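# Kindly generate the corresponding structure for this input.
(chains A and B)
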Protein chains: 2
Amino acid sequence: MSAAPLDQPPGAEELGRLLAQAKSRYSAAEAAALAKGAAAAPPAEDPSAWIRLIAANPSPELAAALTRLKESAAAAIAQGRAVSVAERLARLRADLGRRGLVGFVVPRADEHQGEYVPLRAERLAWISGFTGSAGLVIVLQDRAVIFVDGRYTVQVRAETDPALFEYRHLIEEPPTDWIAANLKPGDRLGYDPWLHTPDQVKALARGAEKAGASLIPCPDSPLDRVWGEQPPHPLAPVVPHDERHAGRASADKRREVGSAVAKAGADAAVLTQPDSIAWLLNIRGADVPHTPLPLSFAILEADGRAKLFIDPRKLAPETRAHLGNEVAIEAPDALGSALDALGGAGAKVLADPTSAAAWVFDRLAAAKAKIVPADDPVQLVKACKNSVEVDGARAAHRRDGASLTRFLAWIAKEAPKGGLDEMTAAEKLYQFRRTNELFQDLSFGSISAAGPNGALPHYRSTPATNRKIEPGTLYLIDSGGQYLDGTTDVTRTVAVGEPTAEMRDRFTRVLKGHIALALATFPAGTTGQQIDAIARLPLWQAGLDYDHGTGHGVGSFLSVHEGPQRISKAPNRIALRPGMIVSNEPGYYKPGAYGIRTENLVVVTRVAQPEGAERELLGFETLTLAPIDRTLIVADMLTAEERAWLDAYHARVRAELMPLVDAETAKWLAEVTKPI
Amino acid sequence: MSAAPLDQPPGAEELGRLLAQAKSRYSAAEAAALAKGAAAAPPAEDPSAWIRLIAANPSPELAAALTRLKESAAAAIAQGRAVSVAERLARLRADLGRRGLVGFVVPRADEHQGEYVPLRAERLAWISGFTGSAGLVIVLQDRAVIFVDGRYTVQVRAETDPALFEYRHLIEEPPTDWIAANLKPGDRLGYDPWLHTPDQVKALARGAEKAGASLIPCPDSPLDRVWGEQPPHPLAPVVPHDERHAGRASADKRREVGSAVAKAGADAAVLTQPDSIAWLLNIRGADVPHTPLPLSFAILEADGRAKLFIDPRKLAPETRAHLGNEVAIEAPDALGSALDALGGAGAKVLADPTSAAAWVFDRLAAAKAKIVPADDPVQLVKACKNSVEVDGARAAHRRDGASLTRFLAWIAKEAPKGGLDEMTAAEKLYQFRRTNELFQDLSFGSISAAGPNGALPHYRSTPATNRKIEPGTLYLIDSGGQYLDGTTDVTRTVAVGEPTAEMRDRFTRVLKGHIALALATFPAGTTGQQIDAIARLPLWQAGLDYDHGTGHGVGSFLSVHEGPQRISKAPNRIALRPGMIVSNEPGYYKPGAYGIRTENLVVVTRVAQPEGAERELLGFETLTLAPIDRTLIVADMLTAEERAWLDAYHARVRAELMPLVDAETAKWLAEVTKPI
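I've put the predicted structure just below:
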């Protein structure tokens, strides 16, 4: 954004006049507060959507004034970050000292334990400088330690000061062990019960107990208190998600899930995962990057009625009517007293100890509610897409596949010339995608990785790391879109110029694993964990593997990573069920050299029963449509069955996408989808 | 046994004289007590071994007198069973009433939670008549319910009186739910804390809590009190297990496991699994059928010293010296005070909540010991066989395979004539096996199953179920031996006469799964759960499956089923490690028609690293040697790789067994191991 508007914040009087003219119900001060909230939300495809929360028909003057206000607020947030990390640590330590705490735990989490967190919850980044998507800091009075996983060992050292932080491996040297080894008897270590689940608190407490120390909940976070310029809660419009795309009315969903709550022996459930709430109420928002959810809490009664705890200013005018009279709107602050009321009424309350904040459990326990610890009752129902959602996914994948194919054709033509780089390429793909019907956003920041950067499975290109896409290398592009009718996530790896024999061998092994999974059939009741190895066997045979899961769940215009199912080595008891959308994404990574991943989304379907079958058989229908680079395939390594799959897939890609792409892309597509 | 000796119990005076002559340290009364214990142990291959516990060199008269005593005791035990089940229930209910209990839980478990239990612990059979290997009864004042799994739904109805018991499915309608639904607020339900793990108690308590009832520990079991003729603890000789077979000295093992106990943060570990103790101390016994373990408890200190809680009368003379002075012998009753002493000393004590009795935890908690809940520290070390044990296993499998091959040749010749039945066949195989060097016992009761009986994976032939082996059917034989140098477990399915096309299709699919697992290579760190599906895929493709695990761990002259690893759909976090012996046993079962299983034992080994390999690769070496019935294989369904495996396996079977079998068997073997 440009700096110019900062010099011209609109005067309160002028703003008040413009608001009145536009028949806004907000005063100038209220509008300024809204603008701050909007500045704390991620950038939106439609940057003025939030303005319509203030006035249905804003004049151009009002829109400009509000935009200036928001930009001014954004600048203030950015300035808040200008205080040095050393100073932040000093402030926090002073506050801890006043509370008699030896230290404080800062996870990378928000109050909803979500994957994407709003600016306000970037506490880990604020206290340390580290901006990765997972990690944890423990600040003691005389030292501080930061835990990150294998993805971030390099990045954490680049972003943080080794004079201020010690480094530990989050998985191999977990915080619990560090606490056990480094705290002293009698020490009191603070944590914010909003930012940890009860299960996480238990793990930390085990460590403290070993050391003879104790873990102290601090619901009034010392960190939030000393973070003077902490951004406000994000404020982005909450809009209805049309039943045309959702496939079911919220009332219907609420009654089904309410029955499940009753069946679990509870009178009500506390919902703390915003994607559960968005799905249940058929609403969408824009509070965090790339996932169209409004941050909120909810209580669902067994009879299907609900209370939604959300800032009412976020609700677009049509949203209240959409929610109907079975959904009461309450302020976020009212959650505590609502939990107290449940306890007072002797209610049995379901809460999920793996996803809800410990604060919720503490409050319920204090209110003497009977807690029923159980899985979030929405997650499994949400994961099994209905036929409207599956049809929507198919349609979204056709449009998305056409954009990706256009991009791949462009890469095939331009990359060998040597002038492209990762960020330019990602931007090009974004521009192709955003022209699509129903496009709302990318579903995550694209992984556009050239050469050795491809070996980092979670790589994100920045100006500092941006590489040229050079001949003789592999280029990996992992990206997706949020469409009103579905969420996509696809990875293709392409050779730029001539690939080496090793690259082709590895690519073919990855492809064999991908095809084996695509072709697998399995009885109902089978979990993703049970079939994960099927995608790995061709790599295992060569003594190779990949250190990530084979597949994750994907939402319907919701989270690109959703549970409860997954295809992975990690223990998981959730059976794959018809309608679940998961990714099929084996890979291979050679550090310092290249990375390979071939990812399609697939939907679990009932397959035709073979004669004599005794079990209900399930399998996968591939949703993603985009060519797989044949120049990277060693045809002799494929079995007849594998070739048949590949040729049929390419024939389908050609048939479905040909009508959707330009003539030049069509010509290229016809060429690259020929039988192997 | 014949009834005659019962009329002639040796007089105490005469017995005393014979004992004195033989320089026994026991009086006549003491010898009689020993005989009762011997009668409560399972039949032994050497029926007079226990007599040498009384006198090193018994005179024939003494041996005869003691044998008569034991037979008389055995008859008394059998008579104790003559009281009707209705009378047993009435006695138990009267005792419960006096205690203010509404009911009592009777599991099929002993104090060690073992798979095989001694006669004394056959409480489930005593209270109900049901003799299956898994189940649970809840006796209330006005009703009783018995829970069994799918294996036993027919058997339980045959063995119990429906006027006395209701029937429930152990897995689908678990006791916890039944308790929740059927107890009333304020009800007190008793259980014996020796017969449940803390995890099991927790599950039952959840049910009671839901009903507003409570679960009451009864360490002085009401059932044991009213079981007038309850057999005594079994008393079978405990002998050293030679280092020539064990491969490591006990002191060495104790120090390694002691270090692991220290590493887990404990000062000592309570060991309650008899196979852990037998392995750790290099001792073997004969207290339960088919598994050569002495029932005992132990406490292992972090420094490697141990206390063994065992009836000292069981110890063969050489065993005390063998145990050495780092292992103290204490009476079983002394366990409680030893746990109290640990508590009194403020010790941290490791105990396994998944295998130790709740009683152990209750006692430790009462003694204020710091409990460290963790896996039994012996299990994983024991599971990874050392090179002496693996060499022993190879040798044992050669001898065992020769016996089985001799049997299969005999079946091939005799069965088509139509005169054989299941029990005759099983006895024949036993006679072949027991002539083998180092043979000690069968490793479990053979599953000798003709035609439709083969469809019951855990079938045991009885006079009532004994079927003829008829032409046009399949015959399945699952059996194994206990040898001093190893434990075997093998299943072969053979066609008697002409098999149907469907039988051959199913057999071939099972074989493809077996071969796929035998050929699989996987990186270190992979669990059995991850590779289970590899053996199922060929069945899944046809909509078929089998409802048991693909592989279980096997001990070294110990339990034929041991943990902690397994190859199964069930969650399991234990990685397969070099030296682990597991079974590879996919199957297919057509109820009412036939069953197929092909089972070899395999040992996890490091495999040659392929060029360019980046991970340490593991795979399997097949230990079992016996031909696989080629007449049941559809050769066209096998890939070239599968044929190559089969032919190489048969070549190896031929080469290794040919020198060990008689001429007629050798001729047959040469024929049936030809390339497919």
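# list the contacts for the one residue in the stretch 101-250 of chain A that gets nearest to chain B?
Residue nearest to chain B within the stretch 101-250 of chain A (CB to the nearest CB): residue A:210, separated by 6.8 Å. Bear in mind the C-beta positions are built from the backbone N, C-alpha and C, glycine included. Going by CB atoms under 8 Å, 6 or more residues apart in numbering or on different chains, residue A:210 touches A:179-180, B:265.
# Can you tell me which of those is closest to residue B:593?
Of all the contacts of residue A:210, residue B:593 sits closest to residue B:265, with 54.6 Å by CB to CB.
# So what does the residue nearest to that closest one when sequence neighbours are not counted look like in phi/psi?
Leaving aside its chain neighbours, residue B:265 sits nearest to residue B:372 (5.6 Å; criterion: CB to CB, 6 or more residues apart in numbering or on different chains). Backbone torsions of residue B:372, given as degrees, to the nearest 10, read phi -110, psi 100.
# show me what contacts residue B:372?
Contacts of residue B:372 by CB under 8 Å, 6+ apart are B:264-266, B:348-351.
# Looking at the residues you listed, which one is closest to chain A?
residue B:265 (6.8 Å).
# Which helix or which strand is home to residue A:261?
Using DSSP states H and E, residue A:261 sits in helix A:250-263.
# helices and strands around that helix, which ones?
strand A:268-271, helix A:274-281, strand A:297-301, helix A:379-383 (3 or more CB pairs under 8 Å, 6 or more residues apart in numbering or on different chains; DSSP states H and E).
# ok, residue A:82 - how many residues close by?
8 (other CB atoms under 10 Å in any protein chain shown).
# Actually, residue A:410.
18.
# can you pull the contacts of the residue lying closest to residue A:140 once chain neighbours are set aside?
Nearest non-adjacent residue to residue A:140, counting by CB to CB, 6+ apart: residue A:103, 4.0 Å away. Neighbouring residues of residue A:103 by CB under 8 Å, 6+ apart: A:96, A:138-141, A:183, A:187, A:189-190.
# wait, is residue A:328 part of a strand?
Yes. Membership of residue A:328 in a strand is supported by DSSP: H, G, I helix; E, B strand; the rest coil.
# need the contact list for it.
A:305-308.
# Any figure for the gap between the residue nearest to residue A:461 when sequence neighbours are not counted and residue A:649?
In this structure, residue A:461 finds its nearest non-sequential neighbour in residue A:422, 4.1 Å apart by CB to CB, 6+ apart. For residue A:422, the distance to residue A:649 equals 27 Å [CB to CB, to the nearest Å].
# ditto for residue A:433
From residue A:433 to residue A:649 the distance is 22 Å (CB to CB).
# Near chain B, which residues of chain A? Just list them.
Counting by CB under 8 Å from any CB of the partner chain, the residues of chain A close to chain B are A:210, A:265, A:502, A:520-523, A:526-527, A:529-534, A:536-537, A:540-545, A:569, A:571, A:573, A:609-610, A:612-615, A:617.
# What subset of those is buried?
A:210, A:520-523, A:526-527, A:529-534, A:536-537, A:540-545, A:569, A:613-615, A:617 (16 or more other CB atoms under 10 Å in any protein chain shown).
# Give me the phi and psi for the residue nearest to residue A:140.
phi -170, psi -180.
# Quick check, pLDDT for it.
pLDDT, residue A:103: 97.
# Please apply the same query to the one 3 residues further on.
Per-residue confidence at residue A:106 stands at 98 (pLDDT).
# In contact with the closest residue to it other than its chain neighbours: list those residues for me.
Spatial nearest neighbour of residue A:106, excluding adjacent residues (CB to CB, 6+ apart): residue A:137 at 4.3 Å. With contact set as CB under 8 Å, 6+ apart, residue A:137 has these partners: A:105-106, A:124, A:127-128, A:130, A:144-147, A:165.
# Just list whatever residues bridge to residue A:137.
residue A:106, residue A:146 (DSSP bridges).
# So for residue A:433 and residue A:649, which residue has more residues nearby?
Applying other CB under 10 Å to residue A:433 and residue A:649 shows that residue A:433 carries more neighbours, namely 26 against 20.
# just wondering, since we're on that one, how far is it from residue A:399?
Taking CB to CB, one finds residue A:433 at 9 Å from residue A:399.
# got it, and residue A:612?
Distance from residue A:612 to residue A:399, by CB to CB: 41 Å.
# cool, residue A:10 as well?
Distance from residue A:10 to residue A:399, by CB to CB: 40 Å.
# now do residue A:300
Distance from residue A:300 to residue A:399, by CB to CB: 34 Å.
# how does chain A divide into domains?
Taking automatic domain parsing as the reference, chain A has its domains at A:12-80, A:85-226, A:239-376, A:387-672.
# wait, which of those is closest to residue B:32?
domain A:85-226 (53.2 Å).
# Could you tell me how many residues sit around residue A:149?
Count around residue A:149 with other CB under 10 Å applied: 16.
# Next: residue A:167.
15.
# Report the distance from the one helix or strand it maps to to the chain centre.
Using DSSP H and E, residue A:167 sits in strand A:166-169. In terms of CA atoms, centre = their mean, to the nearest Å, the centre of strand A:166-169 is found 25 Å from the chain centre.
# Could you tell me which helix of chain A is the longest one?
helix A:387-414 (DSSP state H).
# what comes up buried for it?
A:388-390, A:392-412, A:414.
# what's downstream of that helix, the next helix or strand?
By DSSP H and E, the next helix or strand past helix A:387-414 is helix A:422-434.
# hmm, who's touching that next one?
Contacts for helix A:422-434 (CB under 8 Å, 6+ apart): A:45, A:400, A:403-404, A:406-407, A:410-411, A:439, A:442, A:446, A:448-450, A:453, A:461, A:463, A:465-467, A:469, A:475, A:477, A:479, A:481.
# make it 7 Å
For helix A:422-434, the surrounding residues in contact (CB atoms under 7 Å, 6 or more residues apart in numbering or on different chains) are A:400, A:403, A:406-407, A:410-411, A:439, A:442, A:446, A:448-450, A:453, A:461, A:466-467, A:469, A:477, A:479, A:481.
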